[in-house]
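**Student:** Need a 3D model of the following:
(2 chains)
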2 protein chains.
Amino acid sequence: MTIERVAIVGLGLIGGSVGLAVQQMLPGMATTGWDADADVRQRAAGRRLVGEVCDTVAQAVRGADLVILCVPVGAMGYAAEAIAPHLEPGTIVSDVGSSKRSVGDALAAALPNAIVIPAHPVAGTENSGPDAGFPELFRHRWCIVTPGKDTPPDAVDALTRFWEGLGATVEIMDAEHHDLVLAVTSHIPHLIAYTIVGTASDLEDVTRGEVIKYSAGGFRDFTRIAASNPTMWRDVFLSNRDAVLEVLGRFTEDLSRLQRAIRNGDGDTLFDLFDKTRTIRRSIIEEGQDDARPDFGRGDH
Amino acid sequence: MTIERVAIVGLGLIGGSVGLAVQQMLPGMATTGWDADADVRQRAAGRRLVGEVCDTVAQAVRGADLVILCVPVGAMGYAAEAIAPHLEPGTIVSDVGSSKRSVGDALAAALPNAIVIPAHPVAGTENSGPDAGFPELFRHRWCIVTPGKDTPPDAVDALTRFWEGLGATVEIMDAEHHDLVLAVTSHIPHLIAYTIVGTASDLEDVTRGEVIKYSAGGFRDFTRIAASNPTMWRDVFLSNRDAVLEVLGRFTEDLSRLQRAIRNGDGDTLFDLFDKTRTIRRSIIEEGQDDARPDFGRGDH
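**Tutor:** From the prediction side, this is the model:
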């Protein structure tokens, strides 16, 4: 099974990066694209995010071997219904959403004649929209693919080779386990970052100017994450509710324990945790998942 | 009042960076230093963190116009008692600790004949120890100085010029207000980061290997902060207990509200917060307090 023509629906940070990466790294493959927003289509054409930006979603997906839906998780069902009448049977339809069980269900329901293979490249930045993408976004990153039990193996292989061609390493995983793992490594970190930035903005005794001025003490790191696309993240939390609430429950229990330690002056409990958490940073750097330079290699600014 | 000789007690990340910065940016000023750990003294001498690494704290502070204590907040009182017998009356004694009211009290009690001026350069990295410092650490950063009501203004001016000489901008502030502002912009972000990294390490259903592998989804940012010096941070939470518990209470209230919104499928509440928090990021970048490049300008790794 060979992919010769890929259609990208949704031309924001991820869709645009996929288009740029295919054109640079898989030059034999044709790329078409469409976005529901006419302004985004125009900017996408200007940046040549795909070989051909189409005026309708029907034109974009016609004749494609692979369609990748790069829209917020909550819009996946609508996007699938929009492409359904225009697909040839046996077209592979995949996506890039951050939660997988609900997306898989929505795509399967809307596309009974397509080969649905949900996927999630674990990559991104805090920027969004058609001007934010770049072709190297997926390089040295993981892409989790969550096929169903009955998915044809050659279609899974074809999608795997596609993502490997963009520089990613593919991991096959059960959709439910994906949703739990990502709740820990991505969804809860975002929820916490959004919360603390909101808390800091609303205090009476500390001004926003002070928060901004002294943000280099740690807070500024959270503001980067809390600058991510609000629609995308609203949909992630609503679509992965069970796993998010489960991990959030663990987090708040652990936080209460530290709160008690601080109130009681129990330095040993604090030290033991703070000492333990250093080792995980070392492993992340050893495995090439972050920049080893202090402060992420932030420049002088 | 002119500072011609500065003694640095504690030669870790901050003390070492002060020593390197003075030698590079204020070359007329003599620097001496001491650390309680003989191994640190040896490494400090090897890196030439100060002009002269002394064998005893008495030698280090003798004849100094300014002594800066660069030890964990919980050790400030002990360090002050150690230097007390060796100071000439009227020596300025300052520090670099992250909480100011408790440090100010400890220094004032131990050093009745010195001019005590607590200070806090809002700068650092996740690394610690004598190999971690570099002379540019304070450039374009704020240094908060918290003099008492009776502190001689010319001594405050001398300390202000000192920090400005190292590239920082000085802000004079009440110690109690400092402790509240930093609880928001630094202490609570660290506490939350330590907690989530601990929570993720202890789950049964998600392995540490998975947490590390998929950390690029947001989690890795928290591991950087949670790799900070555990002794330093234990002391910060114990010494700034009231302000930390106050801000933590606000944070957990806000988090409960989002938890309810997720449980109830209330997307509007989520969107409104996620949309609002973007603006503060923009201000932080406009004011030069963070790197404007996506993902902090992280390199390919």
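**Student:** So what are the structural domains in chain A, by residue number?
**Tutor:** Per the record, chain A has its domains at A:5-173, A:177-297, by automatic domain parsing.
**Student:** quick one: the helices in the stretch 1-150 of chain A?
**Tutor:** All helices of the stretch 1-150 of chain A, identified by DSSP state H, counting those that start in this stretch, fall at A:13-25, A:38-47, A:57-61, A:76-83, A:101-110.
**Student:** quick one, which of those helices is packed in tightest?
**Tutor:** helix A:13-25 (a mean of 24; mean count of other CB atoms under 10 Å in any protein chain shown). Bear in mind the C-beta positions are built from the backbone N, C-alpha and C, glycine included.
**Student:** sorry, back to before: of the helices of the stretch 1-150 of chain A, which is nearest chain B?
**Tutor:** Proximity to chain B (CB to the nearest CB) singles out helix A:13-25 among the helices of the stretch 1-150 of chain A, at 9.2 Å.
**Student:** That closest one to helix A:38-47, inter-axis angle?
**Tutor:** 20 degrees (axes from the mean of the first three to the mean of the last three CA atoms, to 10 degrees).
**Student:** Is helix A:13-25 in proximity to chain B?
**Tutor:** No - against chain B, helix A:13-25 shows no contacts by CB under 8 Å from any CB of the partner chain, the least distance being 9.2 Å.
**Student:** So what touches that helix?
**Tutor:** Residues outside helix A:13-25 that contact it (CB atoms under 8 Å, 6 or more residues apart in numbering or on different chains) are A:6, A:8-9, A:11, A:29, A:31, A:33, A:35, A:44, A:47-51, A:68, A:70, A:96, A:121, A:123-125, A:127-130, A:132-138, A:165-167, A:229.
**Student:** Those residues in strands, which ones?
**Tutor:** A:6, A:8-9, A:31, A:33, A:68, A:121 (DSSP state E).
**Student:** Return the member of those residues nearest to chain B.
**Tutor:** Using CB to the nearest CB, these come closest to chain B at residue A:121, 9.8 Å.
**Student:** Does residue A:206 touch residue B:184 like I think?
**Tutor:** Yes - assessed by CB atoms under 8 Å, residue A:206 is found in contact with residue B:184 at 5.3 Å.
**Student:** Which of these two has more residues huddled nearby?
**Tutor:** residue B:184 (29 against 21; other CB atoms under 10 Å in any protein chain shown).
**Student:** could you measure that one against residue B:44, distance?
**Tutor:** To residue B:44, residue B:184 is 34 Å away according to CB to CB, to the nearest Å.
**Student:** do the same with residue A:45
**Tutor:** Look at residue A:45 and residue B:44: by CB to CB, they are 59 Å apart.
**Student:** what separates residue A:120 from chain B, distance-wise?
**Tutor:** Between residue A:120 and chain B the distance is 9 Å, computed by CB to the nearest CB, to the nearest Å.
**Student:** nope, residue A:279 is what I was after
**Tutor:** 9 Å.
**Student:** centroid residue for chain A?
**Tutor:** Residue closest to the mean C-alpha point of chain A, counted by CA atoms, centre = their mean, is residue A:98 at 4.8 Å.
**Student:** how about that residue, phi and psi?
**Tutor:** Taking degrees, to the nearest 10, you get phi -90, psi -10 for the backbone angles of residue A:98.
**Student:** Could you list which residues are in contact with whatever residue of the stretch 51-200 of chain A ends up closest to chain B?
**Tutor:** Closest to chain B within the stretch 51-200 of chain A is residue A:186: 2.9 Å, counting by CB to the nearest CB. Contacts for residue A:186 (CB under 8 Å, 6+ apart) come out as A:98, A:122, B:214, B:217-219.
**Student:** So which residues on the stretch 1-150 of chain A come close to chain B?
**Tutor:** A:74, A:98, A:122-127, A:132, A:136, A:139-142, A:144.
**Student:** Now the two most distant members of these.
**Tutor:** A:74 and A:140 (29.4 Å; CB to CB).
**Student:** List the contacts of the longest helix seen in chain A.
**Tutor:** Assignment by DSSP state H gives helix A:241-263 as the longest helix of chain A. Outside helix A:241-263, the residues that touch it by CB under 8 Å, 6+ apart are A:179-180, A:182-184, A:187-188, A:191-192, A:237, A:266-267, A:269-270, A:273, B:191-192, B:194-196, B:198-199, B:202-203, B:237-238, B:241, B:244-245, B:248, B:252, B:255, B:259, B:262-263, B:265.
**Student:** Report the inter-axis angle for it versus helix B:241-263.
**Tutor:** Going by the same axes, to 10 degrees, helix A:241-263 makes 170 degrees with helix B:241-263.
**Student:** which one of the helices of the stretch 1-150 of chain A lies closest to residue B:79?
**Tutor:** Ranking those by proximity to residue B:79 (CB to CB) places helix A:13-25 first, at 49.5 Å.
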